[in-house]
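Asks: Any chance you could fold what I've pasted below:
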Amino acid sequence: MTTTLPAPVTMSAGTTFLRTMLRVDGWGTGGFGVVLLAAGPVLRDPLGLPTAWSIPFGVAMLGGAAALLLIAGYPDIPRNLAITVVAANALSAVAMLALVLVGAVPLTGWGTAFMLIGAAVVAVFAGLELIGLRRADR
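Replies: Here you go, the predicted model:
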């Protein structure tokens, strides 16, 4: 008796835009993670971002970058993973904004600008990846 597993739930062939956004997001996230790891101690005073925060964020960003690039490399991007990426980016943007608003980190003016710009960039990626997801669903 042979058992056949159901085909994975994937999106249609029109995933080029989504795949491109995932790759750009992945490389950007990885680059930013490297900056936080390599320059965290140097950026501490001008930004007010403690090294105890920049190092874990940098490591997490490298992990996220690897995940994004892995997802972008699938022949068929699984829809549930694309939805997860959009949600994770949206939540990350909200979390960055919340860190600024509640004063959880003693950021300088430059640090506040840095964090707000980061939140905006992550929100833009969430939006672009959502557009890609919708295009792929057609």
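
Asks: how close does the closest residue to Leu107 other than its chain neighbours get to Ser54?
Replies: Distances taken as Cβ to Cβ, 6 or more residues apart in numbering put Gly48 closest to Leu107, at 4.2 Å, once the chain neighbours are dropped. The C-beta positions use only the backbone N, C-alpha and C, and glycine is treated the same way. In this view, Gly48 and Ser54 are 11 Å apart by Cβ to Cβ, to the nearest Å.

Asks: Please apply the same query to Leu97.
Replies: 18 Å.

Asks: residues contacting Asp25?
Replies: By Cβ atoms under 8 Å, 6 or more residues apart in numbering, the contact list for Asp25 reads Leu68, Val85, Asn89, Phe125, Glu129.

Asks: Just the mean pLDDT for the host helix or strand of it, thanks.
Replies: Using DSSP states H and E, Asp25 sits in helix 16-47. For helix 16-47, mean pLDDT is 95.

Asks: can you start the count at 851 instead of 1 from here on
Replies: Taking 851 as the first residue, the last one we looked at is helix 866-897.

Asks: Of all the residues in it, which ones are buried?
Replies: Neighbour counts over helix 866-897 (16 or more other Cβ atoms under 10 Å) mark 867-869, 871-872, 875-876, 878-880, 882-883, 886-887, 890, 893-894, 897 as buried.

Asks: how close does the closest residue to Phe964 other than its chain neighbours get to Gly878?
Replies: Nearest non-adjacent residue to Phe964, counting by Cβ to Cβ, 6+ apart: Leu897, 5.5 Å away. Plainly put, Leu897 is 19 Å away from Gly878 if you go by Cβ to Cβ.

Asks: And Tyr924, by the same measure?
Replies: 19 Å.
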